[in-house]
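>>> Take a look and give me a structure for this.
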Amino acid sequence: MTRETEGAMAESTTKSKSKAVPRAARGKRIDPPSNEQTALARELASLTRSAQKRLILTTKQTGIIINREPKTMEADRRKQRALKAAGQADQIDPTHPMSLPYIPAHSDEREVHYVASDVVDYLGRRYATVDRSFLKRGAPLSADPALRGFRSWLSQASVAETWPFCIQADGRPLDMAEAIATGRLNDDIEQLNLREFSTRLADAASRATSLGESIEVGAAVRTAKTRGAAKRTTWDKPGGPI
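Next up is the predicted model:
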C-alpha cells in the first residue's frame, strides 16, 4: 500500500468519524447545567423508564427543565419541521434543543407536549461532553454545596437568585423537583426568590389557619343552634318536661 493510499484512507476514516460524533463533541462549547436544571434532571432520571414515557410535560414545564423560553422552543420546532420537510433531518444537531421530539397539538387543543423520556435523552446528549453524572440515579453530590438542590438554595441563595416552584391549589409553592418526585407537577410554575417564596408560604399557611378556624367556629355555631332548637322544641311541646 502506497503512502498516498494510506493517507487517503486515514483522511476518509477521519471524516467518517467526525460525521458520527455530535457537533458538541467537535469543539462547540456547552455550559454545564445550572443548579435547578441538575435537580430537575436528576428527578426525571430517577423515574423508571416506563414512568418517564407516561409522564407528559407541557411546553412551560419542559422549558424550565431545559432552560429554554417557550417562544424560542416554538422557533426550534419550526426549524425542525423545515429540515425534516426538506429531507435534511440528518442536519439537526442532536445536542441542540431543536432535536427534541414533541407531540403536536391536536385539533381540540393548542398546547404542544413533550415526553419526559425524550427530555432525559436530550439532556444526556447535550451534556455528554460536560458531565452526565447528574442524570444517574444515586449520583454523588457535587463538592460544591451550591449544586445540591433546593435545600442548599434555600440556605445559601442571594437576594436575586430564584428557584422554580409549582404553585399548589392552596397557594403553597412546592419545589418543582419535589413535585416531579411526588406526582404533584402542574403548569402553574413560577421562578421565586427567597423573599417571594417565604411570602407565598406564609400567606398559604395563614389562609389554611384562617380556614381551619372558620370551619371550627362554623361547626360550633351550628352545634349551638341545633341544641337551642332542640331545647325550644322540647319546652314548646304540649305536655313537655313540666
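
>>> Mind checking the pLDDT average for the helix or strand hosting Glu196?
Using DSSP states H and E, Glu196 falls within helix 194-236. Helix 194-236 comes out with an average pLDDT of 70.

>>> thinking Arg68 is in contact with Pro97, fair?
Yes. Counting by Cβ atoms under 8 Å, Pro97 is a contact partner of Arg68 at 5.3 Å. Heads up, the C-betas are built off the backbone N, CA and C, glycines and all.

>>> How are the helices of this structure distributed by residue range?
Counting by DSSP state H, residue ranges of the helices within the chain are 3-20, 35-46, 49-54, 59-66, 70-85, 116-126, 150-156, 176-182, 194-236.

>>> got the domain boundaries for this structure?
Using automatic domain parsing, the domain ranges for the chain come out as 30-140, 146-234.

>>> just for the protein, where's the confidence low?
In the predicted model of the chain, residues 1-28, 131-148, 210-242 satisfy pLDDT under 70.

>>> And stretch 187-206, what's buried?
Residues Ile189, Glu190, Leu192, Leu194, Phe197, Arg200, Leu201, Ala204 are the ones in stretch 187-206 that count as buried (16 or more other Cβ atoms under 10 Å).

>>> Contact partners for the fourth one?
Which is Leu194. For Leu194, the contact set (Cβ atoms under 8 Å, 6 or more residues apart in numbering) comprises Leu154, Ala157, Val159, Glu161.

>>> mind listing what the last one touches?
What that stands for is Glu161. Counting by Cβ under 8 Å, 6+ apart, Glu161 touches Trp153, Asn193, Leu194.

>>> thinking again about what came up before, so what's in contact with Arg68 and Pro97 at the same time?
Common contact partners of Arg68 and Pro97 (Cβ under 8 Å, 6+ apart): Asp76.

>>> Nearest residue to Gly171 in space, ignoring adjacent ones along the chain?
Ala204 (4.2 Å; Cβ to Cβ, 6 or more residues apart in numbering).

>>> which residues touch that neighbour?
Here Ala204 is in contact with Gln168, Asp170, Gly171, Arg172, Pro173 (Cβ under 8 Å, 6+ apart).

>>> Distance of it relative to Thr59?
Using Cβ to Cβ, to the nearest Å, one gets 27 Å for the distance from Ala204 to Thr59.

>>> Ok, Phe165 next?
18 Å.

>>> more neighbours, these two?
The residue with more neighbours, out of Phe165 and Thr59, is Phe165; 24 against 21, by other Cβ atoms under 10 Å.

>>> Now do the same contact list for the more buried one.
Pro173, Leu174, Asp175, Met176, Ile189, Glu190, Gln191, Leu192, Phe197, Arg200.

>>> now do 7 Å
Neighbour list for Phe165: Pro173, Leu174, Asp175, Met176, Ile189, Glu190, Leu192, Phe197 [criterion: Cβ atoms under 7 Å, 6 or more residues apart in numbering].

>>> mind listing which of those are in strands?
Pro173, Leu174, Asp175, Ile189, Glu190, Leu192 (DSSP state E).

>>> Next, the contact list for Leu44, please.
Contacts for Leu44 (Cβ under 7 Å, 6+ apart) come out as Gln52, Ala116, Val119, Val120, Ile180.

>>> wait, isn't the first one in contact with Ala116?
Yep, that's Gln52 we're talking about. Yes. If you go by Cβ atoms under 7 Å, Gln52 and Ala116 touch, sitting 4.4 Å apart.

>>> ok, these two, which is more surrounded?
Taking neighbours as other Cβ under 10 Å, Gln52 and Ala116 compare with Ala116 leading, 24 against 18.
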